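>>> would you be able to build a 3D model of this:
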Amino acid sequence: MRSKFCIISIMLLTSCAFAITGEEIINHVDDNLTFNSGAFENRMTIHVGKEVRTKDFISYSKGRDASFAEFTDPPRDKGVKYLKIEDNMWMYLPSVDKIIKISGAMLRQSMMGSDFSYEDALESSKLLDKYTATLVGEETIDKSPCYVLDLTAKVKDVTYYQRKIWVDKATFVPLKEELFALSGKKLKVMTMGDVKRFGSRYYPTRVTISNLLRKDSMTELITIKADFNARVPAKYFTQAALTK
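Next comes the predicted model:
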């Protein structure tokens, strides 16, 4: 009888620990990190070996479908602009006064010499549109209790076949993510921090990413200012904005 009671107790504890599903957690993540429009000031610091390069840029976003970025510093990058409309991306190079469509093999290349690829920047779909989410456990990161989820691709058109995500239980902000190829090889590791509250939204203002295929490489992206109530003019989300 005592053995049966212990088994029932374990089953109840397990049921309580996983009262929320992986899909529900990812839905909370998407709701928290998706916004109608936003204006941002950003700083990207790229570490490659002992070399450190810093780049400043402003960016505007309209939901998941459109974003615009313009680099303002250092001088050699000033005026470089990017436009993303759904699954399309263009880059403007002021040095040659030319707009380039980024597609095909170019999408896998480093963006501005960072650990982010153009494919990373293009990612806009909700995670559940392309992945099946499974809650596999709970761990603590930097004293924050987290849900641990495995995401497996359910469509072919994905940059990463599998993802492992640690989601803060209190804010539903991802604090860590590991990205894998179809072969199971780990490609990149991301960490998110300096989470701040903007109204009812929690948002990580610091993201670090390491491309494990590059030696001694790490990129840090810091959001210096964020306005989630910004009314961004529609003109920014047209190719004409690239050359102005």
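
>>> identify each buried residue in the helix or strand hosting Cys146, please.
Counting by DSSP states H and E, the secondary-structure element that holds Cys146 is strand 144-153. Along strand 144-153, these residues count as buried under the neighbour rule (16 or more other Cβ atoms under 10 Å): 144, 146-151, 153. (Glycine included, C-beta is placed from N, CA and C.)

>>> export that strand to CSV, keeping only CA atoms.
The C-alpha trace of strand 144-153 is given here as CSV (Å, rounded to 0.1, in the frame of the first residue of the first chain):
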residue,chain,number,x,y,z
SER,A,144,16.0,32.7,-12.2
PRO,A,145,13.9,29.5,-12.3
CYS,A,146,13.4,28.6,-16.0
TYR,A,147,11.3,26.2,-18.1
VAL,A,148,13.5,24.1,-20.4
LEU,A,149,12.1,23.3,-23.8
ASP,A,150,13.1,21.3,-26.8
LEU,A,151,11.9,22.7,-30.2
THR,A,152,12.0,20.4,-33.2
ALA,A,153,11.3,21.7,-36.7
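
>>> and that strand, how far out from the chain middle?
Taking the mean C-alpha point of strand 144-153 and that of its whole chain, the gap between them comes to 15 Å (Cα atoms, centre = their mean, to the nearest Å).

>>> can you pull out the helices in this protein?
Assigned by DSSP state H, the chain shows helices spanning 2-17, 22-33, 118-122, 127-130.

>>> quick one: average pLDDT of stretch 100-117?
Per-residue pLDDT values over stretch 100-117 give a mean of 93.

>>> for the closest residue to Tyr236 other than its chain neighbours, what are its contacts?
Counting by Cβ to Cβ, 6 or more residues apart in numbering, the nearest residue to Tyr236 once its immediate chain neighbours are dropped is Phe68, at 4.3 Å. Taking Cβ atoms under 8 Å, 6 or more residues apart in numbering, we find Phe68 in contact with 59-61, 81-84, 236-237, 241.

>>> settle this for me: Lys186 is touching Glu177, isn't it.
No - using Cβ atoms under 8 Å as the test, Lys186 is too far from Glu177 to be in contact (11.1 Å).

>>> more neighbours: the two, which one.
Between Lys186 and Glu177, counted using other Cβ atoms under 10 Å, the more crowded position is Glu177 (20 against 14).

>>> got any ranges where the chain has weak pLDDT?
For the chain, the stretches with pLDDT under 70 are 1-18.

>>> which residues in the chain form strands?
Remark: strands of the chain, listed N- to C-terminal, are 37-48, 51-62, 66-73, 81-85, 88-93, 98-102, 131-141, 144-153, 162-168, 174-180, 186-198, 201-211, 217-227; assignment by DSSP state E.

>>> related to what we said a few turns ago, pairing partners for the strand holding Cys146, with directions?
Here strand 144-153 is paired, per DSSP bridges, with strand 131-141 (antiparallel), strand 162-168 (antiparallel).

>>> what angle do it and strand 174-180 make?
Between strand 144-153 and strand 174-180, the angle comes out at 30 degrees (axes from the mean of the first three to the mean of the last three Cα atoms, to 10 degrees).
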